[in-house]
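Asker: Just to be clear, the model below is a prediction. Sequence and coordinates:
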Amino acid sequence: MSPRSIRPASYYDKNYFDKWYRHPRHRVKSRADIDRQLRFVLAATEFMLERPVKSVLDVGAGEGTWGMALRRISPGAKYYGVDPSEYAVSRYGRTRNIQLGGFGDLPAMNLPGDVDLVLCCGVMNYVAPAEIRSGLEALARMTAGLAYFEVFTAEDDATGDFSKKAARSARWWRSLF
């Protein structure tokens, strides 16, 4: 992750994923939660595009759990993932199509320029504002369909390693989007 990021890429190690992705008491979403959320997002995207989704870019892919869900729900769709975690990319990058990179690295990355759906779930709260702006500009150029951004605001009661103290207001997020 670039120096503009809030946390270093080394923060997102095996212990991080064990706790927030797998531990029954700490994990933020179960497999059923991810499948349900992805079905919702795919249905909305397919409604707007008036056709099945063919390609998905997952920014902040982690270990590629959204990609695994996509294979179950829409096996014909192509999945591309990007994540700053060296652990996640070295462990799952090749088998789950995840490239090493942070949100601010998107403008320089070799990614498809016409994806039907961009997923960015639970990521942007941990990215510095300058990096968010450059990443969003790049995503706007790559997105041929819809983008789904899951962000938490200072007004939300979120779980996980989300910090209300560091959270941005809903007004800030609306002005950005």
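Answerer: Arrived safely, thanks for sending.

Asker: Centroid-nearest residue for this structure?
Answerer: residue 120 (3.0 Å; C-alpha atoms, centre = their mean).

Asker: where do the strands sit along this structure?
Answerer: Applying DSSP state E to the chain gives strands spanning 55-59, 78-83, 98-100, 115-121, 143-150.

Asker: now these as a markdown table including mean pLDDT and distance to residue 132?
Answerer: Yep, even glycine has a C-beta here, placed from its N, CA and C like the rest. As requested, the strands of the chain are exported to a markdown table (pLDDT from 0 to 100; distance: least, C-beta to C-beta, whole Å):
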| stretch | mean pLDDT | distance to residue 132 |
| --- | --- | --- |
| strand 55-59 | 97 | 11 |
| strand 78-83 | 96 | 14 |
| strand 98-100 | 95 | 19 |
| strand 115-121 | 96 | 10 |
| strand 143-150 | 95 | 10 |
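
Asker: so where's this protein uncertain?
Answerer: In the prediction, the chain carries residues with pLDDT under 70 at positions 1-28, 158-165.

Asker: what's the spacing between the residue of it most remote from its centre and residue 145?
Answerer: Ranked by distance from the centre of the chain (C-alpha atoms, centre = their mean), the top residue is residue 50, with 23.9 Å. Counting by C-beta to C-beta, to the nearest Å, the separation of residue 50 from residue 145 is 11 Å.

Asker: Kindly report the same for residue 116.
Answerer: 4 Å.

Asker: Does the longest helix anywhere in the chain pack against any helices or strands, and if so which?
Answerer: Longest helix of the chain, by residue count under DSSP state H: helix 31-49. Applying 3 or more C-beta pairs under 8 Å, 6 or more residues apart in numbering; DSSP states H and E, we find helix 31-49 packed against helix 65-73, strand 115-121, strand 143-150.

Asker: Could you identify which of the ones you listed is most buried?
Answerer: strand 115-121 (a mean of 24; mean count of other C-beta atoms under 10 Å).

Asker: what lines up beside that strand in the sheet?
Answerer: Here strand 115-121 is paired, per DSSP bridges, with strand 55-59 (parallel), strand 143-150 (parallel).

Asker: relative orientation of the first one and helix 31-49 in degrees?
Answerer: In terms of direction (axes from the mean of the first three to the mean of the last three C-alpha atoms, to 10 degrees), strand 55-59 departs from helix 31-49 by 130 degrees.

Asker: I'd like the distance between the residue lying closest to residue 141 once chain neighbours are set aside and residue 171.
Answerer: The shortest distance from residue 141 to any residue other than its chain neighbours is 6.7 Å, reached at residue 113 (C-beta to C-beta, 6 or more residues apart in numbering). Noted for residue 113: a distance of 32 Å to residue 171, by C-beta to C-beta.
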